[in-house]
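> sequence below, structure please.
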Amino acid sequence: MRILLTNDDGINAPGLKVLEAIARGFSDDIWICAPAEEQSGAGHSLTLTRPVRLREHAPRRFSVSGTPTDAVTMALRKIMPGPPDCILSGVNRGANLGDDVTYSGTVAAALEGALAGIRSVALSQVYRSEGVGDAVSFEAAAQWGEAVLRPLLAMRFAPRTLVNVNFPPIAADAVRGIRVVRQGFHDYARGSLVEGTDPRGYRYYWFGLHGIEHTPGHATDLEAIADGFVAVTPLHLDLTHESSLARLGECYRR
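Next up, the predicted model:
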């Protein structure tokens, strides 16, 4: 099995090392192509206004001077001798839950793989508080990654779908199991915004990571993580709101 690994935290991120260790339990044919620097929040963006640089660090290990989507595109079109059997993106430092998936470079890399018809999985390690730096523990991801991925790597995904996995911020032996759940939704009206003044006296704003109230419904990814489970959520690329098609059509027939 040929596996492509990528992320949005950068080629030297500790979560990528965790993912590589998990992946090598399934295959020796491992390829890595990730952003040279952190690209958190990049979403499904392509670099279009400047050239993308490609660097080889070791055999089958590359970085690009662009986004996670750039990394997957370069891997599939330039680096690899043939398409991988699957793409694994992560393990992200932080949650990708609810509608945060639309911002996530981790999920976007898996989305790009799904567009190419390749089984793709995004993996993220939730942590509890801000300001922890590199002290985020990936213990739950490291210990539960194989159990989560083994069934996924053995199944065929529906066209244009991907799977989003989040590991709870607790010790591995405290994880209660794995839940397959739907995507939850945040209340962004209450999101945090940090305001400050730089050394030259200019005002700046920094989007906060926490302080967003959310209302997890029954069997959502938000609820699963809060209950101490690994959350596994199938996502698809069709953003059409089907129930609005007829109503909008009537608006233009008047």
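
> low-confidence regions, the stretch 1-150 of the chain specifically.
Applying pLDDT under 70 to the stretch 1-150 of the chain flags residues 129-134.

> quick one, helices of the stretch 101-250 of the chain?
Using DSSP state H, counting those that start in this stretch, the helices of the stretch 101-250 of the chain run over 105-115, 139-154, 221-226, 242-251.

> for those, which one ends up most surrounded?
Per-residue neighbour counts averaged over each of these give the maximum for helix 105-115, namely a mean of 27 (mean count of other Cβ atoms under 10 Å). Bear in mind the C-beta positions are built from the backbone N, C-alpha and C, glycine included.

> contacting residues around that one?
The list of residues contacting helix 105-115 from outside it, by Cβ atoms under 8 Å, 6 or more residues apart in numbering, reads 4, 6-9, 35, 39-45, 67-69, 71-73, 86-87, 89-90, 92, 96, 101, 119-124, 157, 160-164, 235, 237.

> now, of the residues you listed, which are buried?
4, 6-9, 35, 39-40, 42-44, 67-69, 71-73, 86-87, 89-90, 92, 96, 101, 119-124, 157, 161-164, 235 (16 or more other Cβ atoms under 10 Å).

> tell me which of the helices of the stretch 101-250 of the chain lies nearest to residue 205.
Of all these, it is helix 105-115 that lies closest to residue 205, at 21.1 Å by Cβ to Cβ.

> residues contacting the closest residue to residue 78 other than its chain neighbours?
When the adjacent residues along the chain are set aside, residue 78 lies closest to residue 54, with 6.9 Å between them (Cβ to Cβ, 6 or more residues apart in numbering). By Cβ under 8 Å, 6+ apart, residue 54 lies in contact with 62, 63, 64, 65, 74, 78, 79.

> what's the answer for residue 122, then?
Shown in contact with residue 122 (Cβ under 8 Å, 6+ apart): 89-90, 92, 96, 101, 104, 106-107, 109-110, 162-165.

> next one: residue 127
So residue 127 contacts 93, 94, 95, 136, 137, 169 (Cβ under 8 Å, 6+ apart).

> so the fourth one makes contact with residue 91?
When you say that, I think you mean residue 136. No - contact status for residue 136 versus residue 91: not in contact, 10.0 Å apart, counting by Cβ atoms under 8 Å.
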